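A.B. asks: this one's structure only:
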Ligand code: 4NP
């Protein structure tokens, strides 16, 4: 099972989603978790310091992650592609060229409230509270993801 978390910059939300799900699945075999960004602004960068900090508060280390841009090959490499928000979702849908690839794209918060298409708010321009909120939303979503995998 290969899961890809996708946000806009790959420095805030999707690195947290990757870190949280990796942490929760460390004792489960055959699960690969990765993340990518729709945009290329932050390619090669470490996660945002505020994302690193909130993860650290929950004993999750995301410092080794390096931002990369989503590419069309990811559709064949991953089984599930989780979008953090509606804009990411629409972008991914527009890039998918087959029905099979299209069917891999999901809104991550739909795991918590199916069919709601709620977005994980973009915390980039907000304060630290935004990151705490994002962390909690992703924690709940990852719990639901694991329930399905196990
Ligand atoms: P992310 O947050 O998509 O959760 O990584 C953002 C990071 C950077 C920018 C926007 C959102 N930016 O505009 O540079």
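C.D. replies: Cool, the structure landed. Predicted model only: the values in this text are computed from it and were never measured.
A.B. asks: Spell out which parts of this structure neighbour the ligand.
C.D. replies: Applying Cβ under 6 Å from any ligand atom, we find that the chain lies next to the ligand at 7, 8, 9, 10, 11, 12, 13, 41, 122, 124. Every residue, glycine included, has its C-beta placed from N, CA and C.
A.B. asks: how about these, which pair is most distant?
C.D. replies: Farthest-apart pair in the residues of the chain next to the ligand is 13 and 41; separation 14.3 Å (Cβ to Cβ).
A.B. asks: quick one, which of the two is more surrounded?
C.D. replies: residue 13 (34 against 13; other Cβ atoms under 10 Å).
A.B. asks: Run through the residues that contact the more buried one.
C.D. replies: Contact analysis of residue 13 by Cβ atoms under 8 Å, 6 or more residues apart in numbering lists 5, 7, 51, 84, 85, 120, 122, 123, 134, 138.
A.B. asks: For those, could you give me CSV that also reports secondary structure and pLDDT?
C.D. replies: Listed next are these as CSV, based on DSSP: H, G, I helix; E, B strand; the rest coil; pLDDT from 0 to 100:
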residue, secondary structure, pLDDT
5, strand, 99
7, strand, 98
51, helix, 98
84, coil, 98
85, coil, 98
120, coil, 98
122, coil, 96
123, coil, 96
134, helix, 98
138, helix, 98
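A.B. asks: which parts of the helix or strand of the chain with the lowest mean pLDDT are buried?
C.D. replies: Confidence across the helices and strands of the chain bottoms out at helix 128-149, with a mean of 95, counting by mean pLDDT, DSSP states H and E. Across helix 128-149, burial judged by 16 or more other Cβ atoms under 10 Å covers 130, 131, 134, 135, 137, 138, 139, 141, 142, 145.
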